[in-house]
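**Student:** What would the 3D arrangement of this be:
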Amino acid sequence: MNNKPRVSSAHHHGTPCTRTHQIGAIILVAASFFFTRLFDQSFSLCNFNHNIASHKDIVRVADGNGGELSWQERGYGPHLSLKIYVYDENEIDGLKALLFGRDGTITANACLKGQWGTQVKIHRLLLQSQFRTTKKEEADLFFVPAYVKCVRIMGGLNDKEINQTYVKVISQMPYFRRSGGRDHIFVFPSGAGSHLFRSWATYINRSIILTPEGDRTDKRDTSAFNTWKDIIIPGNIDDGMTKDAARIVQPLPLSKRKYLANYLGRAQKKVGRLKLIELAKQYPEKLESPELNFSGPNKFGRLEYFQHLRNAKFCLAPRGESSWTLRFYESFFVECVPVILSDQVELPFQNVIDYTQISIKWPSNLIGPQLLEYLASIPDEDIEAMIARGRQVRCLWVYAIESKPCSAMQGILWELQRKVRQFHQSTETFWLHNRTIVNRNLVEFSHWKPPMPLP
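**Tutor:** Modelled structure (predicted):
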């Protein structure tokens, strides 16, 4: 048996590795590393320059103070060009009831007031809009008008009737069926959001919801708001406060304001609000929180409300029944800095507005003396700067006519344009080789007849 170690053929037949070979290998490795780093830096620089270029592609819109607001062109387009079809109240059986109640006795003007008036204002502004079309076949989006929050409060429909009427209305919309509701717009202007329509999750869970509320679960385990398809809208501020020249209450200079902060609202058995009311009792010289009476001889009228609101440097906006609060928007028109005390709040037009420049958001679990100490430490010049920046963007809270270069409606239209789809499909939509749209029974879209089956 041969015990000699075996030598591999590679070494046996190969050329010996000399010092020259070793030096060459080192040079090759060093050169490879150098060129790899050079190419990496070149690609990084290209990407960096590309990112800079993309941020330059923005659409500029005049603000309310002689400056500009800008929407990024990417995702929005260089200018507004969408077409919106508004369903007529006489077009669909049941739509009148969602607008004026079962007996038709509730008026749009009656629904125009209060924090839910956006449901009327948006409808009216779209009816007058240059982006409205009367041809369904050319529409990018479809608006379904309804004043259900107002109608419900005024006894025009109860919850069961609202649910049944919505289902009835939707079943008569072929275009809703075509897209599964993806191109249909609904407004739910209160903290309840689309929970006003109890079966929303079954029928309009893919539709575009305009709402001020981003977190309301309506005492359930799920929120109706979806940040990818829905749009947060500003609440409806009293018209008497949004007209610069004829405002019912004008802001006070900081030096003449009596309080550091205020909270004007009811307790509603909410922890944050109860904490603020108790804090005001402990520090009455710093925090005002008067008892609000909405009836009787000591009724707190709108004039008195805004006179109190303007008398502090900071306006506290805690969570109520839901996460949003109208007080946040009102504060910009009496020119106090809003302090958000609602952890789950969602705010409108976040692609345009940097809220750290115009407001403060404080953890709701830290409501107490520490909050007042922090607010007292902020210099007046910083407060003035925040108020000035808020003055520039508050035009986006105002539901003004379309000719105004900056308004809530302009902001909503830009956000809606981002939702436009070139192609429409759903689980009940099919198509053939000649581009014919059919249902699952192969009936052409032009022949779809209501009532249509719903999920």
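**Student:** My guess is Ala62 contacts Ser407. True?
**Tutor:** No - counting by Cβ atoms under 8 Å, Ala62 stays clear of Ser407, with 10.7 Å between them. Yep, even glycine has a C-beta here, placed from its N, CA and C like the rest.
**Student:** quick one, which of those two is more surrounded?
**Tutor:** Legend: neighbour count by other Cβ atoms under 10 Å for Ala62 and Ser407, higher for Ser407 (23 against 14).
**Student:** how close does the residue lying closest to that one once chain neighbours are set aside sit to Asn158?
**Tutor:** Spatial nearest neighbour of Ser407, excluding adjacent residues (Cβ to Cβ, 6 or more residues apart in numbering): Ala400 at 4.0 Å. Distance, Ala400 to Asn158, by Cβ to Cβ, to the nearest Å: 34 Å.
**Student:** which of the two has more neighbours?
**Tutor:** Ala400 (19 against 12).
**Student:** how far away is that one from Val249?
**Tutor:** Ala400 is 19 Å from Val249, by Cβ to Cβ.
**Student:** Just the element for the residue nearest to Ser407, please.
**Tutor:** Following DSSP states H and E, one finds Ala400 outside all helices and strands.
**Student:** can you pull the contacts of it?
**Tutor:** Applying Cβ atoms under 8 Å, 6 or more residues apart in numbering to Ala400 gives the contacts Thr242, Ser407, Ala408, Met409.
**Student:** For it, report the pLDDT, please.
**Tutor:** Note on Ala400: pLDDT of 94.
**Student:** Can you list the low-confidence ranges for the stretch 251-400 of the chain?
**Tutor:** Low-confidence segments of the stretch 251-400 of the chain (pLDDT under 70): 293-295.
**Student:** For it, just list every one of the strands.
**Tutor:** Assigned by DSSP state E, counting those that start in this stretch, the strands in the stretch 251-400 of the chain fall at 259-262, 287-288, 312-318, 337-341, 360-361.
**Student:** so which of those strands gets nearest Lys270?
**Tutor:** strand 312-318 (7.1 Å; Cβ to Cβ).
**Student:** Name the surrounding residues that touch that closest one.
**Tutor:** 254, 257-265, 270, 272-273, 276, 287-288, 309, 325, 327-328, 330-331, 334, 336-342, 360, 364, 367, 375, 380, 383.
**Student:** Identify the residue nearest the residue nearest the centre of the chain in space, chain neighbours excluded?
**Tutor:** Note on the chain: the residue nearest the mean C-alpha position is Ile232, at 2.1 Å, using Cα atoms, centre = their mean. Spatial nearest neighbour of Ile232, chain neighbours left out: Pro348 (4.4 Å); criterion: Cβ to Cβ, 6+ apart.
**Student:** and that neighbour, what does it touch?
**Tutor:** Pro212, Ile231, Ile232, Ile233, Pro234, Leu396, Ala408, Gly411.
**Student:** can you give me phi and psi for it?
**Tutor:** phi -80, psi 160 (degrees, to the nearest 10).
**Student:** cool, and His184?
**Tutor:** phi -110, psi 140.
**Student:** List the contacts of it.
**Tutor:** Leu141, Phe142, Phe143, Val144, Met173, Tyr175, Phe176, Ile204, Ser207, Ile208.
**Student:** As a markdown table, the residues you listed with distance to Leu69 and pLDDT would be great.
**Tutor:** Formatted as a markdown table, the contacts of His184 follow (distance: Cβ to Cβ, whole Å; pLDDT from 0 to 100):
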| residue | distance to Leu69 | pLDDT |
| --- | --- | --- |
| Leu141 | 23 | 97 |
| Phe142 | 28 | 98 |
| Phe143 | 24 | 98 |
| Val144 | 29 | 98 |
| Met173 | 35 | 96 |
| Tyr175 | 33 | 95 |
| Phe176 | 33 | 95 |
| Ile204 | 31 | 95 |
| Ser207 | 27 | 96 |
| Ile208 | 22 | 97 |
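**Student:** from the residues you listed, which ones fall inside strands?
**Tutor:** Leu141, Phe142, Phe143, Val144, Ile208 (DSSP state E).
**Student:** if I look at the fourth one, how far off is Gly94?
**Tutor:** The gap separating Val144 from Gly94 is 11 Å, by Cβ to Cβ.
**Student:** what residues are shared contacts of the two?
**Tutor:** Common neighbours of Val144 and Gly94 (Cβ under 8 Å, 6+ apart) are Val169.
**Student:** Looking at those two, which one has more neighbours?
**Tutor:** Higher neighbour count among Val144 and Gly94: Val144, with 23 against 17, using other Cβ under 10 Å.
**Student:** List the contacts of the more buried one.
**Tutor:** Tyr87, Leu95, Val169, His184, Ile185, Phe186.
**Student:** Please, a ChimeraX command that selects the buried ones among the contacts of strand 312-318?
**Tutor:** Applied in ChimeraX, the following selects the buried portion of those according to 16 or more other Cβ atoms under 10 Å:
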select :257,259,260,261,262,263,264,265,270,272,273,276,287,288,309,325,327,328,330,331,334,336,337,338,339,340,341,342,360,364,367,375,383
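**Student:** buried set for stretch 119-134?
**Tutor:** Gln119, Val120, Lys121, Ile122, His123, Leu125, Leu126, Ser129, Phe131, Thr133.
**Student:** quick one: the closest residue to the third one other than its chain neighbours and Gly117, what's the gap?
**Tutor:** Across the structure, with Cβ to Cβ, 6+ apart as the measure, the residue nearest Lys121 apart from its sequence neighbours is Tyr399 (4.1 Å). The span separating Tyr399 from Gly117 equals 8 Å under the rule Cβ to Cβ.
**Student:** which neighbours do those two share?
**Tutor:** With Cβ under 8 Å, 6+ apart, Tyr399 and Gly117 have common neighbours Asn236.
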